[in-house]
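Asks: please work out how this folds:
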Amino acid sequence: MIAGILKERNGETRVSLTPEVVKQLQQMSVTVWVEQDAGAAAWYNDQAYTEAGAVITSAAEIIAKADIILTLQPPEPNLFPALSGKILVGILQPLYRLAEVEQWAANGITTFSLDAIPRTTRAQSMDVLSSQASIAGYKAVLLAAYTYSRYFPMLMTAAGSIAPAKALILGAGVAGLQAIATARRLGAVVEVFDTRPAVKEEVMSLGAKFVEVEGAADASRAGGYAVEQSESYKQQQQQRIAESITKADIVITTAQIPGKPAPVLISTEMINTMKPGSVIIDLAAATGGNTTLTVNNESKVHNGVTIIGNSNLPAAMPADASKLYAKNVLNFLKLILDKDGQAILRFEDEIVKGACITHGGQIVNDRVKSMLQPA
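Replies: Residues are numbered from 1 along each chain as shown. Okay, here's the model as predicted:
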């Protein structure tokens, strides 16, 4: 079995396997081929891969001869025919790439999207959304602190006193919780909104204030993902956010719903009430953003408020992001490879079934199929 690692495109700095994990795959009888300089942007050079037992070769050679292609983002569509009969593993985001999903099936590619893995206790070791979101939450606060023109902590000096920054975190998932912890370490006063009352205790344990909005839809059956809320709830939520945002210096937004545009939580009118010099970091920018003014991969200033749209902050910390992602990939591969390193697709396993998007020329993922059905 040959596993191929392609160099990421479109500015992606992470790599899907690190030399440390290459060694572990070798012990599983898997040969690893790595495209030249695939890990360079994440500070893993070709020599490190060679010393770990990998073969450095070209992308064309990998695409032609590898049995499994490991990646973060899916390859370009012009490569799909060459991947016929192969297994593709990555963060494929099929709910946002429905046209490409149909092409994967038409070209006979077996695809596993790690962002579709059920978020269960057993799957935690391969939960790429959590491992990468933790980095995003941490980096979002550091980016806000760098952009913000004032201190985060309260300071009492001979020259006068500095009040602590007030941070508002929208969403207490993995990214939100890491943002809370990081903001608190820097000395900010933190308020948090989330649609799930169950996270209140965790938020408070980190030293933040949880702002409750009654009437949230039950998300207990959504497999750990967010769900759409009622219009009544949204109106109450907007009112409470509007009250908090006027006092906030820093706002970190993380709210997303799989397969749908990100919910707009912050209106232009709300932004107009914020203090000049305030900063918003929108981690949902790639799916439309949580503010009306967010532009993905751009920083803009409106009425004195800086709004930064960035959904790929893990790529700003590529060494550790790649290390965590590679461990997620390794743990998933253990489910689809036997002791001799050969692929055995056990679709009776809920994790394997949940992650599989296309197989045998068909779209097999129920969520994706439901989105492709005519209304």
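
Asks: low-confidence stretches in the protein?
Replies: Within the chain, the segments meeting pLDDT under 70 span 215-228, 374-375.

Asks: how about the helices of it, start to end?
Replies: For the chain, applying DSSP state H gives helices covering 19-27, 46-51, 59-65, 98-106, 128-147, 174-185, 200-205, 231-245, 268-272, 318-336, 350-355, 366-372.

Asks: closest to Gly4 out of those?
Replies: helix 59-65 (3.6 Å; CB to CB). Glycine gets a C-beta too; all of them are placed from N, C-alpha and C.

Asks: between the helices of the chain, which one is closest to Lys300.
Replies: helix 268-272 (10.8 Å).

Asks: pull the distance from the closest one to the chain's centre.
Replies: 27 Å (CA atoms, centre = their mean, to the nearest Å).

Asks: list the buried residues of it.
Replies: Of all the residues in helix 268-272, those buried under the rule 16 or more other CB atoms under 10 Å are 270-271.

Asks: who are the packing partners of it?
Replies: Packing partners of helix 268-272 (3 or more CB pairs under 8 Å, 6 or more residues apart in numbering; DSSP states H and E): helix 231-245.

Asks: packing partners for the helix it packs on?
Replies: Short answer (3+ CB pairs under 8 Å, 6+ apart): helix 231-245 packs on strand 166-170, strand 189-193, helix 268-272.

Asks: so which of the ones you listed is nearest Lys323?
Replies: Comparison of the helices and strands packed on helix 231-245 against Lys323 by CB to CB identifies strand 166-170 as nearest, at 25.7 Å.

Asks: adding distance to Asn303, write the helices of the chain out as a markdown table.
Replies: A markdown table is the format used below for the helices of the chain (distance: least, CB to CB, whole Å):
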| stretch | distance to Asn303 |
| --- | --- |
| helix 19-27 | 47 |
| helix 46-51 | 48 |
| helix 59-65 | 46 |
| helix 98-106 | 37 |
| helix 128-147 | 16 |
| helix 174-185 | 23 |
| helix 200-205 | 29 |
| helix 231-245 | 13 |
| helix 268-272 | 5 |
| helix 318-336 | 34 |
| helix 350-355 | 44 |
| helix 366-372 | 38 |
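
Asks: not counting stretch 57-65 itself, show me its contacts.
Replies: For stretch 57-65, the surrounding residues in contact (CB atoms under 8 Å, 6 or more residues apart in numbering) are 2, 4-7, 33-36, 69, 75, 79, 82-83.

Asks: can I get the helices and strands packed on helix 231-245 in a markdown table including distance to Ala262?
Replies: Converted to a markdown table, those look like this (distance: least, CB to CB, whole Å):
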| stretch | distance to Ala262 |
| --- | --- |
| strand 166-170 | 11 |
| strand 189-193 | 14 |
| helix 268-272 | 16 |
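
Asks: looking at these, which is nearest to Ala248?
Replies: Among the helices and strands packed on helix 231-245, strand 166-170 comes nearest to Ala248, with 4.0 Å by CB to CB.
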